[in-house]
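Novice: I would like the atomic coordinates for the input below:
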Amino acid sequence: MPNPKGTPENLQPFTTDRDEPLSEKLTVRITKSMDAEIKSQDNPPEFVREAIQKALDGRGK
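Specialist: Residues are numbered from 1 along each chain as shown. Sure, this is the predicted structure:
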């Protein structure tokens, strides 16, 4: 019987080579057209992270 939680390789802790780890989640509501546009990108999660960072950088901290 297969393990319902996946293979042992899938159970390893997530690691990253980023300066700051991706440890937090954000949920937002968007329109269907925005969703389609985001999903059409090569790497949707990274596209969204870069867009948010660009907007934050533009605020002139």
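
Novice: which elements pack onto the least confident helix or strand in the chain by mean pLDDT?
Specialist: Lowest by mean pLDDT, DSSP states H and E among the helices and strands of the chain is helix 44-57, with a mean of 96. Secondary-structure packing of helix 44-57 (3 or more C-beta pairs under 8 Å, 6 or more residues apart in numbering; DSSP states H and E): helix 32-39. (Each C-beta comes from the backbone N, C-alpha and C, glycine too.)

Novice: run the chain-centre distance for the helix it packs on.
Specialist: The chain centre lies 15 Å from the centre of helix 32-39; the measure is C-alpha atoms, centre = their mean, to the nearest Å.

Novice: give me the residues contacting it.
Specialist: Outside of helix 32-39, the residues within contact range by C-beta atoms under 8 Å, 6 or more residues apart in numbering are Ile30, Pro44, Phe47, Val48.

Novice: nearest to Glu24 among these?
Specialist: Comparing the contacts of helix 32-39 against Glu24 with C-beta to C-beta places Val48 closest, at 13.3 Å.
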